[in-house]
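1. how would this look folded up:
(chains A and B)
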Amino acid sequence: GAVVSQHPSWVICKSGTSVKIECRSLDFQATTMFWYRQFPKQSLMLMATSNEGSKATYEQGVEKDKFLINHASLTLSTLTVTSAHPEDSSFYICSASVTSGRGLETQYFGPGTRLLVL
Amino acid sequence: AQSVTQLDSQVPVFEEAPVELRCNYSSSVSVYLFWYVQYPNQGLQLLLKYLSGSTLVKGINGFEAEFNKSQTSFHLRKPSVHISDTAEYFCAVSEGDKIIFGKGTRLHILP
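-> Residues are numbered from 1 along each chain as shown, chains lettered A, B, ... in the order given. Modelled structure (predicted):
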């Protein structure tokens, strides 16, 4: 199946710094990538939808200036958590979609990035 | 908007016993349905998906699910679980180009 990678797998940073997380589709081209956030023992919360070459679409309640998303190519999307604070600590997961003419068929998920802000 | 309901937050089951994880969705139109598994501290892995055709879908690791349109259900089953099946299981439904996830069911395998 399709493979999606994320880098780094975990990161610890000081409050106020910015952190960039990369999401790559390794063996396919993904026109759409998604960024999720997952709190402990909870489901995935969609943060934003990222389309190659255009601005990301953010879900309600997600600060676009806080979570900067760039989808520069068909195989790479990045999420930058700007001026991170302890409440931003979470598990961030990206996914890349394969679509048909009828819409989304499958999303392939990355392994996740655990962010801890001290 | 679509919604997905996983009625059980946790399901304990003895090793080698059968298991069913329940999932209901809300939709009056054709949808795509998915089951994902998440092992501790890992991302999500696709177990199986229903796009069209046969209502009984077979996935990886011996899991299968049955799409029931009249009951708007997509329950996941395995005839004999193993300790390695301990994980969180998410049911999901497509909505446009997005996927809506249920809250997850934690499967505990008892020795």
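
2. Just list what the helix or strand of chain B with the lowest mean pLDDT packs against, helices and strands only.
-> One helix or strand of chain B scores below all others by mean pLDDT, DSSP states H and E: strand B:98-101, with a mean of 84. Applying 3 or more C-beta pairs under 8 Å, 6 or more residues apart in numbering or on different chains; DSSP states H and E, one finds that strand B:98-101 makes contact with strand A:44-51, strand A:103-109, strand B:3-5, strand B:87-95. Yep, even glycine has a C-beta here, placed from its N, CA and C like the rest.

3. Select from the ones you listed the stretch with the lowest mean pLDDT.
-> Here the lowest mean pLDDT among the helices and strands packed on strand B:98-101 goes to strand A:103-109, at a mean of 73.

4. Could you spell out the sheet neighbours of the least confident helix or strand of chain B, each with its direction?
-> strand B:87-95 (antiparallel) (DSSP bridges).

5. who touches the partner strand?
-> Contact with strand B:87-95 is made by A:43-44, A:103-105, B:1-2, B:4, B:6, B:21, B:23, B:25, B:27, B:31-40, B:44, B:47, B:74, B:76, B:99-102, B:104-107, as judged by C-beta atoms under 8 Å, 6 or more residues apart in numbering or on different chains.

6. List the residues that contact the closest residue to A:Ser90 other than its chain neighbours.
-> Excluding the flanking residues, the one nearest A:Ser90 by C-beta to C-beta, 6 or more residues apart in numbering or on different chains is A:Arg37, at 5.0 Å. Counting by C-beta under 8 Å, 6+ apart, A:Arg37 makes contact with A:Leu44, A:Met45, A:Met47, A:Ser90, A:Phe91, A:Tyr92, A:Ile93.

7. Throw these into TSV and include neighbour count, thanks.
-> What follows is the contacts of A:Arg37, written out as TSV (neighbours: other C-beta atoms under 10 Å in any protein chain shown):
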residue	neighbour count
A:Leu44	28
A:Met45	16
A:Met47	24
A:Ser90	21
A:Phe91	20
A:Tyr92	23
A:Ile93	26
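
8. And the furthest pair within the residues you listed?
-> A:Met47 and A:Phe91 (12.0 Å; C-beta to C-beta).

9. just the buried members of the contacts of strand B:87-95?
-> A:43-44, A:104, B:2, B:4, B:6, B:21, B:23, B:25, B:27, B:31-38, B:44, B:47, B:74, B:76, B:99-102, B:104-107 (16 or more other C-beta atoms under 10 Å in any protein chain shown).

10. what does chain B put close to chain A?
-> B:32, B:34, B:36, B:41-46, B:49, B:51, B:90, B:94, B:96-99, B:101-104, B:106 (C-beta under 8 Å from any C-beta of the partner chain).

11. any idea which of the helices and strands packed on strand B:98-101 is most buried?
-> Mean neighbours per residue, mean count of other C-beta atoms under 10 Å in any protein chain shown, is largest over the helices and strands packed on strand B:98-101 for strand B:87-95, with a mean of 24.

12. Tell me how far it lies from the chain's centre.
-> 6 Å (C-alpha atoms, centre = their mean, to the nearest Å).

13. show me where pLDDT drops low in chain B?
-> For chain B, residues meeting the criterion pLDDT under 70 lie at B:28, B:30.
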